[in-house]
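Peer 1: model this:
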Amino acid sequence: MGWSESELAAVGAADELRIAPYRADGSLRDFVIIWVVRSGDQLFVRTAYRPESAWYRHAVESGRARIRAGGVERDVTIVHLSPDADHDAIDAAYHAKYDRYGANIVGTVVGDVVRELTLRLDAA
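Peer 2: Sure thing, here's the model as predicted:
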């Protein structure tokens with residue numbers, strides 16, 4: 001089952017998303033606050049620092065997480081994007097939503113350096 005329009009709108013409009021990757025035993029790790037953007041009918045997250053960030057590494061390893069944002073709580077499947085995905089549109093979504101925080105901050109989640117760190121959140 002995919003995202004409903006109301007879920008996409010609510011999560012896409014939320015300033016922050018809380019994500020908790022699943023452990024191998026099925027339990028949840030602690031929730032971590034990150035940024036989320038909507039591009040089309042999909043939701044995306046990126047690590048602002050490096051692939052060694054704990055939440056990012058655990059999300060990629062697990063492939064599953066629970067998210068909370070905009071009043072929505074759902075399990076998601078984590079999909080690592082390919083280099084040929086529409087990263088320009090995702091960058092534009094980050095700029096549109098978060099540029100108010102300044103170029104130094106939003107610059108950590110846009111551009112060539114972080115494109116390979118883009119994850120799509122698919123409703124589970």
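
Peer 1: Please, which helix or strand holds residue 84?
Peer 2: Secondary structure assignment for residue 84, by DSSP states H and E: no helix or strand.

Peer 1: Surely residue 99 forms part of a helix?
Peer 2: Yes: under DSSP: H, G, I helix; E, B strand; the rest coil, residue 99 falls within a helix.

Peer 1: Surely it and residue 109 touch.
Peer 2: No: counting by Cβ atoms under 8 Å, residue 99 does not reach residue 109; the two are 11.1 Å apart. Where C-beta positions appear, they are placed from N, C-alpha and C, glycine not excepted.

Peer 1: So for the closest residue to residue 10 other than its chain neighbours, what's the pLDDT?
Peer 2: Spatial nearest neighbour of residue 10, excluding adjacent residues (Cβ to Cβ, 6 or more residues apart in numbering): residue 70 at 3.4 Å. Here the pLDDT value assigned to residue 70 is 97.

Peer 1: cool, and residue 111?
Peer 2: 88.

Peer 1: so how far is residue 87 from it?
Peer 2: Distance, residue 111 to residue 87, using Cβ to Cβ, to the nearest Å: 9 Å.

Peer 1: same deal with residue 18?
Peer 2: Per Cβ to Cβ, residue 18 is found 24 Å from residue 87.

Peer 1: So between those two, which is more surrounded?
Peer 2: Taking neighbours as other Cβ atoms under 10 Å, residue 18 and residue 87 compare with residue 87 leading, 21 against 17.

Peer 1: Contacts only, for that one.
Peer 2: By Cβ atoms under 8 Å, 6 or more residues apart in numbering, residue 87 lies in contact with 81, 115, 118.

Peer 1: and if you look at residue 44?
Peer 2: Applying Cβ under 8 Å, 6+ apart, the residues contacting residue 44 are 36-38, 81, 90, 93, 118-121.

Peer 1: switch the cut-off to 7 Å
Peer 2: 37, 90, 118-120 (Cβ atoms under 7 Å, 6 or more residues apart in numbering).
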